[in-house]
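3D, please:
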Amino acid sequence: MPEQAQRRAPALQAVDSPSRGSDGYEELRRLIVGPEQRGLAELRNRLDDPNRRTEDVSSVVVEAIERRRNQGDEAALAEALGPTIQETIRHSVRNNLHSLADALFPVMGPAIRKSITETLRSMLESFNEALEHSLSWQGIRWRIESFRTGKPFAEIVLMHSLLYRVEQVYLIHRETGLVLNHVVAPAVATQDPTLIAGMLSAIQNFVHDSFESPREDSLGSMTVGELQVWVEQGPHAVIAAVIRGHAPASYRLALKEGLENIEEKFAVPLAAFQGDAGPFRLTTDRLHALLESQFRVKKDESRKPRLAIAAVLLAFLLIASWAVYVTVQAHRWAEFSRSLATHPGIVVTSVDKSGGRWHVHGFRDPLADNPSGEFSRNHVQEGDAALELSPYYSLDAPIVLRRAEKMLAPPPSVKLSLESGKLAATGEASSNWISKFEERAPWIPGVNSLDTSELRNRDVAVLEGVILTFPLGQSTLDPGQEAAIHQAQEKILALRNFAASTNQNVSIALVGRTDSTGVEGNNMVLSRQRADRVAELLARGGVPRSTLDLRGVGPTEPLRSEDTEEGRHLNRSVTFLVHFAPASPVN
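The predicted structure follows:
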């Protein structure tokens, strides 16, 4: 403690004389924390300045990408950069299509020209073969065979006239089984070349393991359906040809010579192969030279004029029959589309034929009739057509009426009708349904206005049909009328809710009566007392007195003739009259 007091004393003296110690203190603070403060300020400026931050990041991006690639994580790097590069290419194409086209022009031009040339050559060969056999008895037999088997006529001609055709040639690395190059004849469907090469390698290994053959031996050929696969093996590469038909023995020599030429010209890339097939793209021309085809030698037969004329006439009849068939079918489908369009809620926009089926395009309301019945009426097979009708809301009157009936669910006693957009309801319904009708009907598409002039409120009819009877000269109800009182309460409350929902005021008149016996003045008072008694009972059930209009008419408005005791008894009663009036507007 004394030591601390001694240390604190100079500080107090320094406070008393700031002029002598403040400069030294500031100098000491700068010496101690000045470098760190300048470093922090430099870091803050570097982080807050976008230009410097961009410059710092750009200086290490290339180095980071190269280091990531050297670590052998190229797949993750490609996955991370792929979306950005794809979006960059899309943006470049959208902004300037010509720049990408100019960059690809040296590659795309020769490739497109070569592909078109090969396709045209193959098409012309097939066309020439088909044309030559189209007007001969042999050609007619082939057409019958095409119709019977369901194969195209050109394929039948090719099958009968082709000796052999090499459809695919694979160049495969012998040790790894990877595809070095792969060529395909025009108009030939092919599978994944990597998959085919793996299959061939697996078969080779199976043969070596199963029959314990030397490694230098190889499977020379195998048959897969209508195809044959010829295989030739070299020190570093394997060449495989997929052949349709029966190739001559000379073609195997061509395979060997082609493989030897590739082994000689590409010895270094084959020996150093590590999975990059790029250098072997130069073998494409050599492999294309192996895509041979040969047809049967055409016999020089002199055709008799009669046979030629008969063939021409038969062809003409076939063409005419086909034209008539096509015309009849087109007319039938046109009639089908017109009859289909007559259905409310169905709109046909177009009819065309593709893929061997007729396609009917248009729109159909979900409430429209099922169009399947039109098939039988127009003698059309349902399997020959595809109805491609998109859903939509139709404003055809029958469809609008169906939609209203579905949404409003009218009771059996109500009938809905629609004319010029006006939805009319006729019959008798409850207050609840009438309220729903007036609330929901205007929102139905195609309904412009409502007509309820012929619609009667069932609650009004029921209430006005209630007759509460009294004993002679009394204002208490006859026994056993509790159910009638309860029914009147329910109907009055329902009518109040209905009036509120339709912006109306409802007034219920309680009309008290007496028979003609007794003094007239006393009868008027008694009839009013009877109305008061009924109002009191209704109020106990929740009916506001403000809704009720009490009237005592004595014997002046009798319900029945008093020729019988029953008539006089019904006149000693209270009945109801319902009156609606528009609600007063709120200021």
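
can you pull the pLDDT of Ala277?
Per-residue pLDDT puts Ala277 at 82.

how about the secondary structure of the closest residue in space to it that isn't next to it in sequence?
Closest residue in space to Ala277, ignoring its immediate chain neighbours: Leu180 at 5.1 Å, by C-beta to C-beta, 6 or more residues apart in numbering. Heads up, the C-betas are built off the backbone N, CA and C, glycines and all. Classification of Leu180 by DSSP: H, G, I helix; E, B strand; the rest coil places it in strand.

you'd agree Leu180 is up against Phe280?
Yes - with contacts counted by C-beta atoms under 8 Å, Leu180 reaches Phe280, the gap being 4.1 Å.

any common contacting residues for these two?
Counting by C-beta atoms under 8 Å, 6 or more residues apart in numbering, the contacts common to Leu180 and Phe280 are Leu171.

neighbour-wise, which of those two wins?
Leu180 (27 against 20; other C-beta atoms under 10 Å).

that one and Val268, how far apart?
Distance, Leu180 to Val268, using C-beta to C-beta, to the nearest Å: 14 Å.

for Ile144, same thing?
On the measure of C-beta to C-beta, Ile144 and Val268 end up 58 Å apart.

same check, this time on Gly480
Counting by C-beta to C-beta, the gap from Gly480 to Val268 is 119 Å.

before we move on, what about Pro412?
Pro412 is 95 Å from Val268, by C-beta to C-beta.

out of those two, which sits in the busier spot?
Val268 (9 against 6).

just say helix, strand or coil for that one.
Strictly by three-state DSSP, Val268 counts as helix.

any idea which helix or strand carries Val229?
In this structure, Val229 is located in strand 227-233 according to DSSP states H and E.

got a list of contacts for that strand?
Contacts of strand 227-233 (C-beta under 8 Å, 6+ apart): 167, 174, 200, 204, 218-223, 238-244, 246-247, 251-252, 255-256, 259.

can you say which of the residues you listed are buried?
Neighbour counting by 16 or more other C-beta atoms under 10 Å classes 167, 174, 200, 204, 218-219, 238-244, 247, 251-252, 255, 259 among the contacts of strand 227-233 as buried.

quick one: which of those residues sit in helices?
The helices, defined by DSSP state H, take in 200, 204, 251-252, 255, 259 from the buried ones among the contacts of strand 227-233.

so which residues of the stretch 201-350 of the chain form helices?
For the stretch 201-350 of the chain, helices defined by DSSP state H, counting those that start in this stretch occupy the ranges 249-265, 267-271, 284-288, 305-341.

quick one: closest of those helices to Glu27.
Each of these has some distance to Glu27 by C-beta to C-beta; the shortest is helix 267-271, at 73.9 Å.

hmm, who's touching that closest one?
173, 236-237, 263, 279-280.

swap in 10 Å and give it another go.
Outside helix 267-271, the residues within contact range by C-beta atoms under 10 Å, 6 or more residues apart in numbering are 173-175, 180, 234-237, 262-263, 276-280, 282-283.

which of these fall within strands?
173, 180, 237 (DSSP state E).

show the pLDDT at the second one.
Reported pLDDT at Leu180 in the predicted model: 85.

find the nearest non-adjacent residue to His246, please.
Tyr164 (5.6 Å).

in which helix or strand would I find that neighbour?
Here Tyr164 sits within strand 162-173, counting by DSSP H and E.

show me what that strand is packed up against.
Helices and strands touching strand 162-173, as assessed by 3 or more C-beta pairs under 10 Å, 6 or more residues apart in numbering; DSSP states H and E, comprise helix 97-134, strand 179-184, helix 193-211, strand 227-233, strand 237-245, helix 249-265, helix 284-288, strand 293-295.

for it, buried residues please.
Applying 16+ other C-beta under 10 Å to strand 162-173 flags 162, 164-173 as buried.

redo these as CSV? Include distance to Glu566 and pLDDT.
As requested, these are arranged in CSV below (distance: C-beta to C-beta, whole Å; pLDDT from 0 to 100):
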residue, distance to Glu566, pLDDT
Leu162, 109, 62
Tyr164, 114, 77
Arg165, 110, 81
Val166, 113, 84
Glu167, 107, 80
Gln168, 108, 86
Val169, 113, 87
Tyr170, 111, 86
Leu171, 116, 86
Ile172, 113, 87
His173, 116, 86
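
reformat those residues as JSON lines; add distance to Ala429.
JSON lines is the format used below for the buried residues of strand 162-173 (distance: C-beta to C-beta, whole Å):
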{"residue": "Leu162", "distance to Ala429": "81"}
{"residue": "Tyr164", "distance to Ala429": "85"}
{"residue": "Arg165", "distance to Ala429": "81"}
{"residue": "Val166", "distance to Ala429": "84"}
{"residue": "Glu167", "distance to Ala429": "78"}
{"residue": "Gln168", "distance to Ala429": "78"}
{"residue": "Val169", "distance to Ala429": "83"}
{"residue": "Tyr170", "distance to Ala429": "81"}
{"residue": "Leu171", "distance to Ala429": "85"}
{"residue": "Ile172", "distance to Ala429": "84"}
{"residue": "His173", "distance to Ala429": "86"}
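
among those, which pair sits farthest apart?
Among the buried residues of strand 162-173, Leu162 and His173 lie farthest apart (C-beta to C-beta), at 31.9 Å.

how near is Arg68 to Gln487?
For Arg68, the distance to Gln487 equals 87 Å [C-beta to C-beta].

kindly report the same for Pro412.
Pro412 is 22 Å from Gln487, by C-beta to C-beta.

what sits in contact with each of Leu180 and Val268?
Common neighbours of Leu180 and Val268 (criterion: C-beta under 10 Å, 6+ apart): Pro279.

the residue nearest to Ala254 when sequence neighbours are not counted and Ile172, how far apart?
Leaving aside its chain neighbours, Ala254 sits nearest to Leu290 (6.3 Å; criterion: C-beta to C-beta, 6+ apart). As for Leu290, its distance to Ile172 is 14 Å (criterion: C-beta to C-beta).

identify all contacting residues around stretch 29-40.
Contact partners of stretch 29-40, identified using C-beta under 10 Å, 6+ apart, comprise Glu27.

that one: how far from the chain's middle?
Its chain's average C-alpha position is 66 Å from that of stretch 29-40, according to C-alpha atoms, centre = their mean, to the nearest Å.

any idea how far stretch 244-254 is from the chain center?
Using C-alpha atoms, centre = their mean, the offset of stretch 244-254 from its chain centre is 52 Å.

domains for the chain, by residue range?
2-48, 49-96, 126-295, 307-391, 397-455, 465-582 (automatic domain parsing).
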